[in-house]
Structure formats: structure tokens, C-alpha cells
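**Q** The following block contains a protein sequence and its predicted model.
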Amino acid sequence: MKEWEIVIGIETHVQLATRAKIFSASPTAFGAGPNLQANAIDIALPGVLPVLNKTAVEFAIRFGLATGSDIAPCSIFARKNYFYPDLPKGYQISQYESPVVVGGELAIQVGKETRIVRLTRAHLEEDAGKSLHEAAGHSPRGKSGIDLNRAGTPLLEIVSEPDMRSSAEAVAYARALHALVRWIGICDGNMQEGSFRCDANVSVRPLGQRDFGTRREIKNLNSFRFLQQAIDYEVCWQIATLEDGGEIEQATVLFDADSGETRAMRSKEDAHDYRYFPDPDLLPLVIDRAWVDRIRAELPELPAAKRQRLVSDYGLSDYDAVVLTSSQEMAAYFESAVAVAGKSNAKICANWLMGELSARLNREGREIDATPLSASQLGGLVARIADGTISTPVARQVFDALCEDSGVSADEIISRRGLRQISDSDALEEIIDAVLTANRTMVDEFRAGKEKAFNALVGQAMKASKGRANPHQVNELLRRKLS
Amino acid sequence: MIASNLQQLAEALIRKTISSVELTQLYLDRIARHDHQLNAYITVDAAASLAQARWADQRLAKGEGGPLTGIPIAHKDIFCAAGWRTTCGSRMLDNFVSPYDATVIRRFAEAGAVLLGKTNMDEFAMGSSNETSFFGPVRNPWDVSCVPGGSSGGSAAAVAARLAPAATGTDTGGSIRQPAALCNLTGLKPTYGIVSRWGMIAFASSLDQAGMLAPSAADCARLLNVMAGFDERDSTSLDRPTEDYCREIDARQADKPLAGLKIGLPKQFFGAGSDPQVMRLIEAAIVDYQTLGAEIVDTSLPNMDLSVAAYYVIAPAEASSNLARFDGVRYGYRTPVYRDLNEMYSRSRAEGFGAEVKRRLLIGTYVLSHGYYDAYYLQAQRIRRLIANDFAEAFRHCDLLLGPTSPSTAFKLGAKAADPVQMYLSDIYTIAVNLAGLPGVSIPCGFADGLPVGLQLIGNYFSEARLLNAAHRYQQSNPWHLRLPPAFAE
Amino acid sequence: MSLTLEQVRRVAHLARIEISDVEASSTLGQLNEIFTLIEKMQAVDTQGIEPMAHAQEMVQRLRDDRPETTDPGQRREAFQALAPETGDGLYLVPKVIE
């Protein structure tokens, strides 16, 4: 049996987080009633004209700078002509021969390995509206309803080279891209609302063959899980088809999340002659160096650079650095916490952030930007753990208390509740003497050689101190007294 | 009153010799009396016009009147006007009442002008005879068996018969200048980009330009003062300092008013293609220009002969895309019987568009389609560049260019209707100007067998003030433009 | 060069214009005459000539990212009064098949 190589390229439609649409002044907010955010331009009344939104261009430039791409000094808007009810003008304004962003690359993390995916281009275009089908319960029998609220929302279509060789790599690419566009603040990343949608171009070829196989394009995958499932299904189907002696025909396919299968689309098929030509209503988009430089200067530290710095400055592992740079908010939280806790305590900060806090956020279905505990509260807590003021079990108590009250510091809770660790030998000796007197059987067992009894005695001492005793000291004192 | 020019009307309104309501009523009455012979108007709404006139009278009473306050103006039915049916001469938009104003309409309203009615036109401005309108052909007031030219034929016929003091038009390949020539009017197509295209239903976006038809060049200058200006809603609108297009016209009349002006005669305008009677009048006008002090020089536009070919690629290509929005979904005509979405589209469009529009949509779709784009569309755009370069070269040694507007006078209704190519060739002298984006004006220069003949002057970019002045000085000594068609002189 | 009947039908389909067989053949004749006129262009050597897409050498102006404030309900009502068929704020069309 042949061995097959999988080849995947991804086109991603990233909705840019502008306030108004790309060619009209309609708001872009999600969730308005049907057609309430569709103005004369969006519904393509006769005589209306487009004017380009400056922020959409700025976002495209940001993306280009963040991926080491070339920003085209002059790019052209073209019309892509086809008839579809959610396309009010009968053409989509897009960029064709000369896109605004050319080339570049994105580093992706596959397991422990970092790989580079090359980017072909990224171009600005407008989104279409939505067709709501009768099945969705929105429209009468035999009809589709058209909502043009989304029509004209700015999109950056980012096209990768066919550099991915597995669905895992495809997902890693999509994740890295998703993190990046959120990081640089050009997209809200909300996949349920369609702010980040992937089309995967999938083909297979016998291992070692130079030419690519015929590809099929899976449209509109709006979750990482669907991306993975759809590619896996498609790859199996293509290999099975070829091994049965069949041929792959170039096609656009849809992924059905319920059945987990892909199927070829019936409509749009015959309309693939898009008759692109430069839009006569829009002039060449000219971007001067000074503007690019200004945007470059305002760009935040990028995830890759930050990751490196976290490893070299704080001695974190690659894994920690990847997790902590999953979003700008996460990284900012971490760095603010470290600023309070002290640089030498960065690893403890990372552990608490990725452990206790992440677990709590997960449980509550919240993101880091809605954390119940501020970064300085966590930093203060970590500082007290590090300097031995409180023990780890007590720290959990303090953590929970801090989550309940955003106005209070770890120090205040520690002193208010008297949680300071008992390190004073006299006080400890008193506690230990009492424990020894009350547990003579255990003492005897220990003396008879049962090491387990020693641990039980430590436990009793900790319990008697309500967790405040310094466990290290308790250990030492007990050994001394029992020897 | 109907013999008054815009300046005289403005003065009469300010002196209150007449009110705007009276003036508007006078024109409404003329429309009621005469338009059945011409079919120049698609929509007249007396109540709406008179309401605007009353408002203008209030402004005039307060002494707030400007140069156009209270003056009724007819608008080509290609301009969207809020609350007005706006059809573009098409069944597709038969029931379309625009919810918004074109910038041109808004600027006139702000100037206090009265919207007198919406004029007939070739469907979607595609035509040179006004025979392609869904609302029937328009007739030429000088001979009602003849066409008025197109596509702004309704505006031309309305003004020529004085069913309006002046009217707007649009010019994509000659649609203002050619009907102006055929109806004894002055018609200006300004430099591309100085009048906003917002709200003007697009035919070929890179060529379309709004302008006006009026008896005299001085009238056109007054109208241009209102129409021209930067509009942030049109990306192709030029952001330039405001200018007074009347400034040269209003300057003192000298003995040789055009002394120092160099007028070039491109030899391609003087070939064998034109009616000899037309050419005789053009030659006579050239002598008149010399008398006015202009220097006449020979020049050439070597690629002008290719303009019709390039135009009939570029304009249909843009139109095929611009008219894709007419799909029967959000507004406009929808066929009553269809089985599915595709049938709804293709039937609505087959029934909603007329033959000429469909012909051009097919041409445009074809030249943009896969495998033909380079040979047709790109080649046409390269030829467009050559033509623009030819003009640039000519304007290195000429101030204006002069030639006929149309190779013939008005032809009989139906004479060219079955022969698209012959029809297309009637714009042979006007199309190149649109391809280059230059301003051009047609002015009356005499009559051949009782039908008007137009003279075309072409200026360099932004030379409207000079262009209109050159037209005005000619009109001062050759007042052909004051002649009225006998049947409509009363 | 001349068009074929098949090309006319294909172009009519692309342009979504229903065309009967009779219309297709009469259209074919007219289009071929027009293309004879257009073909004049092919004789011209335009190598090295930059295509001219716009009448003015201008660059795109950019709009500030400021959303408009209008009464969306009133506007939708006004717009949908123009539409052949609407329901619950949606434009209705025959079922779209994907």
C-alpha cells in the first residue's frame, strides 16, 4: 500500500475590529436585528458609492508588520462579480492582482516543535450578508431570508502557502494566527460570531511525488475542532477515492458538523468566472513609508519576541512561555503580577496563573480579562509565599479570599485572619509538646520503627496550628524531640 | 419669461416681478400643454415642485436668495431624488421611489432651486437617440419626427422647447453634448471628478460625469457653480479650491475678447465622416472665432479613431458590473413567475431591461470573462491611455480644441434603431473626451435644413471657466442659441 | 473573431439574462457586428503602455472609522418599502441551495 502525503493551505477570513464598515459608515456591532445595520451603500441602492475606511487599512498594515510581510506601496481594489442574494451589488469588492500585504510568515507550535508557515498574501475585502434558510426557522417555506447587517464588514483574507502536512499542523497554524490577530488588536477572534473563519485547501499525493494532487476547498470552518475534523474526514475520503482508482475533481465543499462529513456544494458551481476588474469607484490605495513607520512604532511587542524574553529574562520553560503569550491579556497579567511579586518569583507567578487561576477561570467560564483577582493581588500573594510568610495550603485560602474581594490585598487578609506562618520556635515547641503528649501511641509506633507514624505526627502538628506552622520547622523539631 | 436667461430670471425673482410659485406654475403649465408632443418628462409632481417654490419664495422674501433660488430646474431621471420616482428610463426601476438625494439634487435644493420634474432618457443612459427608454422615445422640438439625441434627450427636448429653463444631464460618451447639438442648446460635460457622482445611477463609473443643458454658456456657468464641488461620499470626487465658473464670462468685454487664445483643429474631426452641411457651419464658426481674436492652429489626435472601439469595451464592462445590483431582491422589478432563484434573476433581468441595455451587458460580460480580459479590457484601457496622451500632447500647444459635436443633425426616429453600430458611431466625436476625462461643451452654431448643428469645444482639465467663456464670447456675436423651435415658441 | 451561439448563451447565463433561442441567434448577429468594430483595437501595438483605469491620476481617499447614527428601524422600513418581498425584516428570495 502507498504512503500518502497530505498538503494543506489555509485561507482565513478575519473580520477586522473596526467600528464602521469598510466602505460605508454602518456600525459593525454583532447581533442587531435583521437589516438594521444596512445602510444605502450596504444594500446597494442605485447611485451609491464606496469610500475606504482608514482603520481597516491600518489593521492590514499592522498584520503585515507582525508577520514580516511587505506592505504594498500601491494596491488595487477589484470587483469579483457573481450573483448571490447575500451579495447586494452583484460583486464583492476585494483585492485581486495587487493585494495590500505580500509574503511574510507565521511560526506555529506543533507539540514541542516550532515550524514556519509561509504566507502568500493578505488582502482587504468586504464581507457578504447572510442567507437564512427555512430550515433555520427564520424564513417561510421555500424561501430564504437575506440579512445584510454583515454585508460590508471589513475582512482581511490571509492566504497561506500549502505548507502544512497534517490536520494538527493546520490547527496549530489557525491557532497561532488567531492568537496573533487578537494580539495586535485587529480582530476580536470570536469564532462563534464568525469573526475568524477558515477555508482549508486539502490535497493528497503519494509520498515523494513532486506535483501537488488536485485540491478541494473546505469552506467556512469556524472552530478549530471543525477544522481538524473536516480535514481528517476529507483526507480519508481523498485517499480512499484514489486507492479505489477514482480521481479527485477540484471542488468547493462544505463541512457538515452533525455528520462530520464533507460534501460538494451545488450552487455557485457554474459561476466561477468572476470577471475581476479594477473597481472604477475606488482609486489606487497608496500607503507611504511614514504611515507604515508610525504604525510600526505603535505596534505592541509581538508574541514571538515576548516568548523569547520570558524564557531568557525569567527563566521560564518554552511551554510556560507559549501558554503565557496565548493572548496579550494573559501576558500583560503575568508581567503585572511579576512586577509586584519580584522578578525572582516569576516561576511561582507562572505556576499560580497557569494552575490555580486558570482552573478557576475555566470553571467559571471566564477569560483572563474578566478575572476575579487582579494581577497585583496575585503578585502580592506570590510575594508572601516566596518569603515564607504563608505556607502553600494557607496560600490557597488567601487566594480564595482574594477572589471574593477585589479591594483587598494578600497582606491584609493574612493579618486580618492571623494566617502568618508560625516560625517562632518557642510557640512551635509548645504545639509539638502538646501533640506528643496527646498521641503517645504514635510516638511508640515511631520508636518501634514505623516511619509512617512520623508523618502522622507532622500532620497533627500542622492541624493543631491551623496550617500556620512552618512545615519545615515542624519536621526538624519533631526529629529532635523524638531522637 | 421663457426667453429669459438664468441671470434675468434670478433678477426678476429678487425684484419680485415674479414669484417662484408663479414661475414654477408657468413651466408646469407649459409641460402640461406641450409635453404630450415630446415625451420629455417621465415624472412631474406639481405639488412637490410648488412646495419647493413656496419655500424658495420665503427665502427670497427674507433676502436670502442666491443665483438659483426659486428657479425651476429639470433633472435627468438618473439622479436619485428623495421622495421622487427615479427610473433611469427603465422598467427595472419603474416603481423605484428614491429614499435619498443625489449630491447634485441636494446642492440644487440647498441653492433654493425648484425640482421641476424628472426627464426622460435612454435606459440607464445607454443610447444616442433616446429611443431606448422604457417610457417611450423623446421627440425633437425642432422636428417631432426626429430624435433629440441621447441619452439626456428628455433634458434636451425639455429645455429646447422651454419646458424648463435648464436641465441636468449626464455624459458618459457624449450624452449631454450630442443632444445639446441636436436641440440647439449649450451642453457642458465637465472635467471628470468635479461634480459628485453620489446618487447618480452608474452606467460606466470611470466615464460618467454630470453636467447640464441650457440655452447659453452663461447659464451653464451659473449651474456649474452650484453643481461642482468636493463630495466626501464619492472617492473619485476631486478636492480642489472652489472656483467661480462665471468669472471670465463676467469680465469686461474687450474688442477682441479671445485674443491670445489658441484653438486647435484636430484633423480627425475634419475627415470625410461628417455631413457636409454640418462641416460648412463648423468652418464658418472657425472664421467667427478668428474674428473674436482667437488663433487657429492645426493639430492631431492620432488615436481618436480608436475611441469608439475602446469605449464599447470599457463602458459595457463597467456597466455589466454596475447593473448587477438590479436583481429583483431589494428593490426594482421582479418577474411574477419563477421556479427558483436563478430563474427569478434571469427573468427579472430579461424582462426588466430593454434590448440595448441587455446587448451592452452581454458585451461587457463577455469582454471581462475568462480568457478575453487581456485582449479586450486591458487593450481598451491601454488605448484609453494613448488617447489621453494624444490630448495631453495637443494641449501643449493649444488652449482649446474645436470640431463638430455630432457628424450629422438629428435623424428620424427609428432610422438607426435596428443598427447598433451606426448608432454607436454617432458619438464618434464625443467619446474620446470621456475616455480622457476632459471637459467638453457643445454650442449651437447654425441650422442645416432647419435642424440645429452643434460645435464642440474641448478644454484641458479644469478649464471650464475658459471653455465656457470661449463659448459665451461666440454666443455674444452669434446668438443661434436664442432661436426657439417655432412650434414651442408660444 | 466571431462569437458562437454557445458563447452567447454562456455569457447570458453569467449575466443572468434569460434568452430564448430566437433571441440568442439575433443577438449573435448584432454582437458580431459590434465586435467587428471593437476588433479595430487589436491592430494597435500597445506594448509597454500602462492601462488607464481612471480618468484622473488620483489616489484613494480614506474615511475616518466613525459609525453613523441613524434611526435604524425607520430606515429599514423605508428601504424595505421598496422591496418586492420581505418578512420579519429580511429580504425574501426563493430558497438558496448550497
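**A** Happy to help now that I have it. Every value quoted in this text rests on a predicted model; they were computed, and no experiment measured them. Numbers count the residues shown, from 1 in each chain, chains lettered A, B, ... in the order given.
**Q** Okay, and A:Asn475 sits in which element?
**A** Secondary structure from DSSP states H and E places A:Asn475 in helix A:471-482.
**Q** Would you mark the buried spots in that helix?
**A** For helix A:471-482, the neighbour count (16 or more other Cβ atoms under 10 Å in any protein chain shown) marks A:471, A:473-475, A:477-478 as buried. (C-beta placed from N, C-alpha, C; glycine too.)
**Q** Check stretch A:425-436 too.
**A** For stretch A:425-436, by 16+ other Cβ under 10 Å, it's A:428, A:431-432, A:435-436.
**Q** from those residues, which single one is nearest B:Ser235?
**A** A:Leu428 (80.0 Å; Cβ to Cβ).
**Q** helix or strand for that closest one, which one?
**A** Per DSSP H and E: helix A:425-438 holds A:Leu428.
**Q** same for that helix, what does it pack against?
**A** helix A:451-464, helix A:471-482 (3 or more Cβ pairs under 8 Å, 6 or more residues apart in numbering or on different chains; DSSP states H and E).
**Q** which outside residues touch the helix or strand following it?
**A** As assigned by DSSP H and E, the chain's next helix or strand after helix A:425-438 is helix A:440-447. Helix A:440-447 has contacts (Cβ atoms under 8 Å, 6 or more residues apart in numbering or on different chains) with A:436, A:453-454, A:456-457, A:460, A:482.
**Q** Turn the residues you listed into TSV, including pLDDT.
**A** Output for those, formatted as TSV (pLDDT from 0 to 100):
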residue	pLDDT
A:Leu436	87
A:Ala453	86
A:Phe454	88
A:Ala456	87
A:Leu457	87
A:Gln460	86
A:Leu482	82
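**Q** circling back: could I get the helices and strands packed on helix A:425-438 in JSON lines, plus columns for distance to A:Ala304?
**A** What follows is the helices and strands packed on helix A:425-438, written out as JSON lines (distance: least, Cβ to Cβ, whole Å):
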{"stretch": "helix A:451-464", "distance to A:Ala304": "45"}
{"stretch": "helix A:471-482", "distance to A:Ala304": "41"}
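**Q** returning to what we had before: would you turn the buried residues of stretch A:425-436 into CSV with distance to B:Gly63?
**A** Converted to CSV, the buried residues of stretch A:425-436 look like this (distance: Cβ to Cβ, whole Å):
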residue, distance to B:Gly63
A:Leu428, 100
A:Ile431, 100
A:Ile432, 104
A:Val435, 104
A:Leu436, 109
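**Q** what are the ranges of the strands in the stretch 1-150 of chain A?
**A** A:4-15, A:52-53, A:70-71, A:74-75, A:77-81, A:91-95, A:101-102, A:105-110, A:113-126, A:130-133, A:143-147 (DSSP state E, counting those that start in this stretch).
**Q** Kindly confirm my reading that C:Glu77 is in a helix.
**A** Yes - if the criterion is DSSP: H, G, I helix; E, B strand; the rest coil, then C:Glu77 is within a helix.
**Q** ok, now how distant is it from chain B?
**A** 10 Å (Cβ to the nearest Cβ, to the nearest Å).
**Q** A:Ala264 now?
**A** Taking Cβ to the nearest Cβ, one finds A:Ala264 at 18 Å from chain B.
**Q** Okay, and the beta partners of the closest residue to that residue other than its chain neighbours?
**A** Leaving aside its chain neighbours, A:Ala264 sits nearest to A:Ala251 (4.6 Å; criterion: Cβ to Cβ, 6 or more residues apart in numbering or on different chains). Under DSSP bridges, the beta-bridge partners of A:Ala251 are A:Arg216.
**Q** Thought A:Lys219 was touching A:Ala251, still the case?
**A** No - using Cβ atoms under 8 Å, A:Ala251 is not in contact with A:Lys219, being 10.4 Å away.
**Q** Taking the stretch 1-150 of chain B, what residue is nearest to chain A?
**A** The minimum distance from the stretch 1-150 of chain B to chain A, using Cβ to the nearest Cβ, falls at B:Cys80 (4.8 Å).
**Q** Ignore what I typed, I meant chain C.
**A** Taking Cβ to the nearest Cβ, chain C has C:Leu90 as its residue nearest chain A, at 3.2 Å.
**Q** mind checking the SS state of C:Ile34?
**A** Going by three-state DSSP: C:Ile34 is helix.
**Q** wait, what's in contact with it?
**A** B:312, B:359, B:363, B:420-421, B:424.
**Q** hang on, the earlier thing: could you save the helices and strands packed on helix A:425-438 as a markdown table and add columns showing distance to chain C?
**A** Shown next, in a markdown table, are the helices and strands packed on helix A:425-438 (distance: least, Cβ to the nearest Cβ, whole Å):
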| stretch | distance to chain C |
| --- | --- |
| helix A:451-464 | 60 |
| helix A:471-482 | 58 |
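**Q** one step back: mark which of the contacts of helix A:440-447 are buried, thanks.
**A** Looks like these have A:436, A:453-454, A:457, A:460 buried, using 16+ other Cβ under 10 Å.
**Q** What does the pLDDT read for the residue in the stretch 101-250 of chain B positioned nearest to chain C?
**A** Going by Cβ to the nearest Cβ, chain C is nearest to B:Tyr192 of the stretch 101-250 of chain B, at 3.7 Å. pLDDT recorded at B:Tyr192 is 98.
**Q** so what's it up against?
**A** B:206-207, B:209, B:236, B:434, B:437-438, C:55-56.
**Q** Mind doing that once more with 7 Å?
**A** B:209, B:437, C:55-56 (Cβ atoms under 7 Å, 6 or more residues apart in numbering or on different chains).
**Q** Quick test: name the residue nearest the centre of the chain.
**A** You didn't say which chain, so I picked chain A. A:Ala179 (4.1 Å; Cα atoms, centre = their mean).
**Q** my bad, the chain I had in mind was chain B
**A** B:Ile176 (2.3 Å).
**Q** Ok, chain C next?
**A** C:Ala15 (7.1 Å).
**Q** measure that one to B:Ser320 for me?
**A** 6 Å (Cβ to Cβ, to the nearest Å).
**Q** shared neighbours of those two, anything?
**A** Common neighbours of C:Ala15 and B:Ser320 (Cβ under 7 Å, 6+ apart) are B:361, B:365.
**Q** Any idea how many residues pack against the closest residue to the residue nearest to the centre of chain C other than its chain neighbours?
**A** Excluding the flanking residues, the one nearest C:Ala15 by Cβ to Cβ, 6+ apart is B:Thr365, at 4.3 Å. B:Thr365 has 27 neighbours, counted by other Cβ atoms under 10 Å in any protein chain shown.
**Q** same question, A:Asp444
**A** 11.
**Q** ok, now B:Leu402?
**A** 23.
**Q** Now do the contacts for A:Val48.
**A** A:40-41 are the contacts of A:Val48 under Cβ under 7 Å, 6+ apart.
**Q** typo on my end, C:Arg63
**A** A:51-54.
**Q** which among the residues you listed gets closest to chain B?
**A** For the contacts of C:Arg63, the nearest to chain B is A:Val51 (5.2 Å; Cβ to the nearest Cβ).
**Q** Thanks a lot, catch you later.
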